[in-house]
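> only geometry, no sequence info:
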């Protein structure tokens, strides 16, 4: 890597000089600041900016935006930020990915945000050699596609599931657990891992449907099994209604959920949500490492960093470090990302040969006084 | 299959099933009555229900129901009930005026009216799902922010109600479930009597039997159709109120699945038949719960529709298979 970096750096200096010349003069015939100058490079966000899941996309967009803005502040060559709005839908993703692949000045993608759209768009990115770093898609099988371009800046469900199981076993000391999932790729996968890890402690399971609103049969199953804890693999829309009906039905154990529920909308369940444990491979903004980031984020957007904002910031920072080193094409960027090994704000940023992060942390959060507050890392 | 679990929890599963079934039944009334009079399936009826849930939610928010208790809370809930009925009735009347009357006047084929209904359903649902944009165009987004934000996600009024449970002969019962069942069945009986005994009810039945003869006898068909939509809307409003008491959460597309189920209930009991709608709704609710207990909750919808097919195979006109017009006083 070293010689390559030195070479890249000298190219960068050269390019910088050229572009400065190009920018600083109005005289014509000076090369015109074309692609070789590295001055019109783009980074993209790929995921939901509008639609049902827009709430989950917003922190990722803003985290990426912040990294790029900070870079542009004292860079001579500004990096442009473009957004590919998939609405989080696997149906929209392939066409958008083709569009993104066609823009040669785009050399890095933060995203795709969700597992479903990642699976749908992954082939296109791999063929185009366009490196992607997702700050939020956690389905484990995504890494098994032999897409050289796929990277993930956080632990997948195969690491989150065992952590949730460990928390239920060691911290809650729950002797009996009821496991519920929502039949989605994300929820069923996660619940299956938790169920396997807890083994004999699992007293029963049930599968609900997304968009279902009446859970009375499930509630009866839970109250019949009288578990110490209920684990739910799924998203906040169902979790919010489910916990309300479980509490009304007389369940008084601990409700344990994963990152798909870590959304302010879950607090709509009011008192019923209190005491819920939420696991998440996302770093709390109270950790000292992200304090500066959290401050800058709040100053810029007027709100505390949402879920995966810091991971998105890290993902963008890797690409920006590459651009700073003078990289101006996808092949070099891909090589740079694959070999990257530096401390980010959320973790040591280094990918294994499947694109999984080498360093994974899972954190526990709890709902207390109508807010989601961090409880610490799950060891 | 978990028979032991089903038998051990049969009373509880039945009561919660009846409660949701009662809501199906109230919505099913709207389908059944319109079908009885017009031989037309009003697919937009699910949105009539959905607007009712929002009227309930907004009333509770506007009157600050989260901080009220005792008599004040009851007053707020009564206001919310009337708001839901009013909203659903208004939407039903608008539907009749805009999506149906022009077609009926021109003697359009039934298929056209069906398409018109599906279109109206999408327009109404998306209008609710895009209400933040609508408020923005009107320049009202600052004033209405609480009501229009989160247009595409769940909107919740959880925490407003306490839902005490009590034991009846060793079975734990939720007070809300009892209220829902009693209120819904009570409304159905009232409506049944209204259609059987009142002048307007006679007009509805006469129009259902033979619109031409009915109009020769001095029944105004347009007015009768209007009244039919109005009654269906009011019932959907009550269903929306009871649904919000029980589930406490709504969203712009909440009507879709519930509408399909309610329509199923109407067909199950015999479409065009008021008592059939009640029976169909209750059976569907209980069957869903029992089936969920036996096979797992993911089979809920499969069970509902397999049951429908089985019953229609044996009784093609539904369980009570009689039309609105044939119901005698």
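In hand now; what should we look at? Bear in mind the structure is a predicted one, so any value in this text is a computation, not a measurement.

> which parts of chain A sit against chain B?
A:51-52, A:54-55, A:183, A:206-209, A:211-221, A:223-224, A:237, A:240-241, A:244, A:248-250, A:265, A:268-272 (C-beta under 8 Å from any C-beta of the partner chain). C-beta here means a position set from N, CA and C on the backbone, and glycine is covered the same way.

> Those residues in strands, which ones?
Within the residues of chain A next to chain B, residues falling in strands by DSSP state E are A:206-207.

> Now the buried members of the residues of chain A next to chain B.
Taking 16 or more other C-beta atoms under 10 Å in any protein chain shown as the criterion, what is buried in those is A:52, A:54-55, A:183, A:206-209, A:212-221, A:223-224, A:237, A:240-241, A:244, A:248-249, A:265, A:268-270, A:272.

> could you check whether stretch B:293-300 is close to chain A?
Yes - applying C-beta under 8 Å from any C-beta, one finds that stretch B:293-300 is in contact with chain A at B:293, B:296-298, B:300.

> what does the stretch 51-200 of chain B put close to chain A?
Counting by C-beta under 8 Å from any C-beta, the stretch 51-200 of chain B comes close to chain A at B:150, B:152-154, B:156, B:158-159, B:163, B:165, B:172, B:174, B:176.

> Go through those residues and flag which are in strands.
In strands, defined here by DSSP E, the members of those are B:156, B:165, B:172, B:174.

> where does the chain have low pLDDT?
If you meant another chain, say so; for now it's chain A. Confidence mapping of chain A against pLDDT under 70 gives the ranges A:1-38.

> Correction: the question concerned chain B.
In chain B, residues with pLDDT under 70: B:1, B:322-329.

> those strands in it, which residues are they?
Applying DSSP E to chain B gives strands spanning B:155-156, B:165-168, B:171-174, B:249-250.

> Which among these is found nearest to residue B:95?
Proximity to residue B:95 (C-beta to C-beta) singles out strand B:249-250 among the strands of chain B, at 19.3 Å.

> Can you list the residue ranges for helices in chain A?
Along chain A, the stretches classed as helices by DSSP state H are A:2-24, A:54-73, A:93-102, A:115-128, A:157-166, A:185-198, A:216-225, A:236-248, A:288-301, A:309-324, A:330-338.

> Which positions within the fourth one qualify as buried?
Judged by neighbour count (16+ other C-beta under 10 Å), helix A:115-128 contains these buried residues: A:115-122, A:124-126, A:128.

> Residue A:206 versus residue A:212, what's the distance?
Taking C-beta to C-beta, to the nearest Å as the measure, residue A:212 and residue A:206 are separated by 11 Å.

> ok, now which ones touch residue A:151?
A:131-134, A:315, A:337, A:351, A:355 (C-beta atoms under 8 Å, 6 or more residues apart in numbering or on different chains).

> most neighbours, which of these?
Counting neighbours by other C-beta atoms under 10 Å in any protein chain shown, residue A:315 comes out on top of those with 34 neighbours.

> so what's the residue nearest to that residue when sequence neighbours are not counted up against?
Among residues not flanking residue A:315 along the chain, residue A:133 sits closest, at 3.9 Å (C-beta to C-beta, 6 or more residues apart in numbering or on different chains). Residues near residue A:133 by C-beta under 8 Å, 6+ apart: A:108-110, A:151-153, A:315, A:318-319, A:337.

> cutoff 10 Å now
Residue A:133 makes contacts with A:108-111, A:149-153, A:311-312, A:314-319, A:337, A:340, A:349, A:351, A:355, A:357, as judged by C-beta atoms under 10 Å, 6 or more residues apart in numbering or on different chains.

> what's the answer for residue B:300, then?
Counting by C-beta under 10 Å, 6+ apart, residue B:300 makes contact with A:207-209, A:212, A:214, A:217-218, B:261, B:287-289, B:291-292.

> Is it possible to get TSV of those residues that adds distance to residue A:257?
Listed next are the contacts of residue B:300 as TSV, based on distance: C-beta to C-beta, whole Å:
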residue	distance to residue A:257
A:207	15
A:208	13
A:209	17
A:212	16
A:214	20
A:217	20
A:218	15
B:261	27
B:287	30
B:288	25
B:289	24
B:291	26
B:292	21
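
> just curious, which of these is nearest to residue B:236?
Residue B:236 has its nearest neighbour among those in residue B:261, at 13.6 Å by C-beta to C-beta.

> Tell me how many other residues surround the closest one.
For residue B:261, the count of nearby residues is 26 (other C-beta under 10 Å).

> so how far is residue B:295 from it?
When residue B:261 is compared with residue B:295 (using C-beta to C-beta), they lie 18 Å apart.

> hey, where'd the helices end up in the stretch 101-250 of chain B?
For the stretch 101-250 of chain B, the helices defined by DSSP state H, counting those that start in this stretch occupy B:101-105, B:110-129, B:131-137, B:145-148, B:175-197, B:199-209, B:211-216, B:221-247.

> Nearest the geometric middle of chain A, what residue?
Of all residues in chain A, the one closest to the mean position by C-alpha atoms, centre = their mean is residue A:136, 1.6 Å from it.

> That residue touches residue A:56, doesn't it?
Yes - contact criterion C-beta atoms under 10 Å: residue A:136 and residue A:56 qualify, at 7.4 Å.

> Look up how far residue B:114 lies from residue A:202.
Residue A:202 is 48 Å from residue B:114, where distance means C-beta to C-beta.

> between these two, which one's more packed in?
Applying other C-beta under 10 Å to residue A:202 and residue B:114 shows that residue A:202 carries more neighbours, namely 19 against 15.

> quick one: the more buried one and residue A:194 touch, right?
Yes - if you go by C-beta under 10 Å, residue A:202 and residue A:194 touch, sitting 8.3 Å apart.

> anything in contact with each of those two?
A:165, A:177, A:179, A:231.

> Highest neighbour count among the residues you listed?
For these, the largest number of neighbours (other C-beta under 10 Å) sits with residue A:231, at 30 neighbours.
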